[in-house]
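Asks: test case, fold it:
(one chain, ligands or ions: 1)
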Amino acid sequence: MAIIQIQDVSKKFQTKDGEIDALKHVTLDIEAGDIYGIIGMSGAGKSTLVRCINHIEVPTEGTVIVQDKDLSKLSEKELRKQREHIGMIFQHFNLLMQKSVLENVCFPLFIQGKSKVEAKKKAYELLDIVGLKDRAKAYPSQLSGGQKQRVAIARALASDPQILLCDEATSALDPQTTSSILALLKDINKRFGITIVVITHQMAVVREICNRVAIMKDGQVVENGSTVEIFNHPKSEVARDLLRKDDGGDTTGDDQQTANQIQDGTKIRIVFTENSAFEPVIANMILTFKEPINILKAATKNVGGVAKGEMILEIPSGSTNVKAMEQYLIDRGLELEELSETKTGGAF
Ligand SMILES: Nc1ncnc2c1ncn2[C@@H]1O[C@H](COP(=O)(O)OP(=O)(O)OP(=O)(O)O)[C@@H](O)[C@H]1O
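Replies: Sure, this is the predicted structure:
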């Protein structure tokens with residue numbers, strides 16, 4: 001059974017300007033061990049949804065079941081206990097600035113009733129895990145953004161959570177630091193089996209660490225599934241939009257260039273769904289059919305830890321081998337679609 005079950009959850013906020021439907025009938029299952037991405041534009045409802053997972057926000061309708069417990073049925077005391085299993089990290093780290101790194105990590109341990117000696121021992125272990133043992137005596141103001149987030153992660157791990165919620169945890173960081181924090185989260189997920197829920201507005205974050213993803217718009221989940229499936233076959237306009245942005249804006253230029261190159265011939269977009277090197281397949285096809293295949297576009301990416309790629313091939317007009325070549329590629333486990341000129345950009 002899923003470790004987090006969100007069942008038909010809606011959340012309304014009353015404001016002086018009227019009612020806001022922040023969540024509308026959201027249903028999601030997050031399995032133990034998942035790194036689950038929740039992605040969408042600003043205002044889509046991501047933070048509200050994640051805050052429902054520890055009942056910081058109480059849904060107006062629907063049910064949230066975490067580790068088999070219906071949160072709405074718990075007393076305040078039981079809810080506090082349940083929240084100990086759920087760590088949380090934020091975009092702006094939320095560290096105690098007047099306290100040292102060590103004291104920040106010790107803080108939740110003291111709340112749990114640990115002695116000073118026990119707390120210090122555990123805090124050092126946690127700082128070691130996040131690579132900051134040697135900065136235990138430093139103050140947050142003396143640390144970089146990435147280091148501050150590492151302290152926040154160590155603090156979140158102090159209560160041995162089974163679930164870690166990350167609300168835009170890398171949004172304030174540069175790309176390189178983002179990668180190192182994502183690598184740390186992935187390591188924590190693997191080593192300790194902690195289920196991680198990642199809120200982000202960047203598809204690159206989902207691509208790097210999430211095995212599953214839900215795409216939100218206007219308080220609703222418009223699409224969800226495995227990261228690989230959604231990258232390869234996005235169904236919703238929002239998903240396509242987010243994927244286009246994942247190329248850092250370069251795709252528009254590339255697509256135009258590609259489109260300009262296309263004169264005639266049959267264009268085929270092929271998607272590598274296995275972790276395979278693609279050159280031999282194409283090279284062998286060219287050798288087999290003795291046709292001058294044109295590679296209009298090639299891209300590979302790390303999607304959920306698996307090397308993925310797509311190519312756009314052009315088979316010369318007048319070739320009588322189009323169908324046979326398509327079958328050749330299908331037989332080798334590749335997915336393909338024939339493209340019209342407007343679709344040559346693909347999802348990548
Ligand atoms: N406490 C609140 N009171 C009133 N409205 C709220 C409250 N919290 C969120 N909202 C509204 O609910 C909607 C969803 O907000 P939410 O913060 O969940 O979106 P988000 O996808 O996390 O956005 P962002 O990426 O900008 O953080 C927005 O319209 C927001 O203004």
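Asks: nearest to the ligand: which residue in the stretch 101-250 of the chain?
Replies: Among all residues of the stretch 101-250 of the chain, His201 sits closest to the ligand, at 5.6 Å; criterion: C-beta to the nearest ligand atom. In this view, the C-beta of every residue, glycine as well, is placed from N, C-alpha and C.
Asks: for that residue, give me its contacts.
Replies: Ile39, Gly40, Met41, Ser42, Lys46, Glu168, Ser171 (C-beta atoms under 8 Å, 6 or more residues apart in numbering).
Asks: stretch 55-63: which residues count as buried?
Replies: His55, Glu57, Pro59, Gly62 (16 or more other C-beta atoms under 10 Å).
Asks: how long is it end to end?
Replies: 11 Å (C-alpha to C-alpha, to the nearest Å).
Asks: I'd like the average pLDDT over stretch 178-189.
Replies: Throughout stretch 178-189, pLDDT has a mean value of 95.
Asks: domain-wise, how is this structure divided?
Replies: 2-246, 265-338 (the TED database).
Asks: neighbours of Asp167, how many?
Replies: 19 (other C-beta atoms under 10 Å).
Asks: what of Gly309?
Replies: 19.
Asks: same check, this time on Ser115
Replies: 10.
Asks: ok, back up a step: filter the contacts of His201 down to the buried ones, PyMOL style.
Replies: Burial among the contacts of His201 is assessed by 16+ other C-beta under 10 Å; the matching PyMOL selection reads:
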select buried, resi 39+40+46+168
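Asks: please list which of the contacts of His201 also come close to the ligand.
Replies: Contacts with the ligand within the contacts of His201, as defined by C-beta under 6 Å from any ligand atom: Gly40, Ser42, Lys46.
Asks: list the contacts of Gln7.
Replies: Neighbours of Gln7 in contact, by C-beta under 8 Å, 6+ apart: Thr27, Gly62, Thr63, Val64, Ile65.
Asks: over to Ser319?
Replies: Gly265, Thr266, Glu291, Met325.
Asks: now with 7 Å?
Replies: Residues in contact with Ser319 (C-beta atoms under 7 Å, 6 or more residues apart in numbering) are Glu291.
Asks: I'd say Pro140 and Leu95 touch.
Replies: Yes - here Pro140 lies in contact with Leu95, judged by C-beta atoms under 7 Å, at a distance of 4.4 Å.
Asks: show me which residues of the stretch 101-250 of the chain sit near the ligand.
Replies: By the rule C-beta under 6 Å from any ligand atom, the part of the stretch 101-250 of the chain lying against the ligand is His201.
Asks: again, only this time at 8 Å
Replies: Proximity of the stretch 101-250 of the chain to the ligand is confined to Asp167, Glu168, Ile199, His201, Met216, Gly219 under the rule C-beta under 8 Å from any ligand atom.
Asks: just read off the phi/psi values of the third one.
Replies: Backbone dihedrals for Ile199, given as degrees, to the nearest 10, come out at phi -90, psi 130.
Asks: pretty sure Val66 is touching Ile4, no?
Replies: Yes - with contacts counted by C-beta under 7 Å, Val66 reaches Ile4, the gap being 5.4 Å.
Asks: Pro140 and Leu95 - which one has more neighbours?
Replies: More crowded of Pro140 and Leu95, by other C-beta under 10 Å: Leu95, with 22 against 18.
Asks: excluding chain neighbours, what is closest to Ile286?
Replies: Counting by C-beta to C-beta, 6 or more residues apart in numbering, Ile286 lies nearest to Ile293, which is 5.3 Å off, once chain neighbours are set aside.
Asks: and the one you found, how many residues sit next to it?
Replies: 19.
Asks: for the helix or strand harbouring Ser47, which positions count as buried?
Replies: Element membership for Ser47 (DSSP states H and E) is helix 46-53. Counting neighbours by 16+ other C-beta under 10 Å, one finds that the buried residues in helix 46-53 are Lys46, Ser47, Thr48, Leu49, Val50, Arg51, Cys52, Ile53.
Asks: for that helix, which helices and strands make contact with it?
Replies: Packing partners of helix 46-53 (3 or more C-beta pairs under 7 Å, 6 or more residues apart in numbering; DSSP states H and E): strand 4-15, strand 18-30, strand 35-40, strand 61-66, strand 163-167, strand 195-200.
Asks: now those strands as JSON lines including distance to Gly225 and mean pLDDT?
Replies: Putting the helices and strands packed on helix 46-53 into JSON lines (distance: least, C-beta to C-beta, whole Å; pLDDT from 0 to 100) gives the following:
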{"stretch": "strand 4-15", "distance to Gly225": "15", "mean pLDDT": "96"}
{"stretch": "strand 18-30", "distance to Gly225": "11", "mean pLDDT": "96"}
{"stretch": "strand 35-40", "distance to Gly225": "11", "mean pLDDT": "96"}
{"stretch": "strand 61-66", "distance to Gly225": "21", "mean pLDDT": "97"}
{"stretch": "strand 163-167", "distance to Gly225": "20", "mean pLDDT": "96"}
{"stretch": "strand 195-200", "distance to Gly225": "16", "mean pLDDT": "96"}
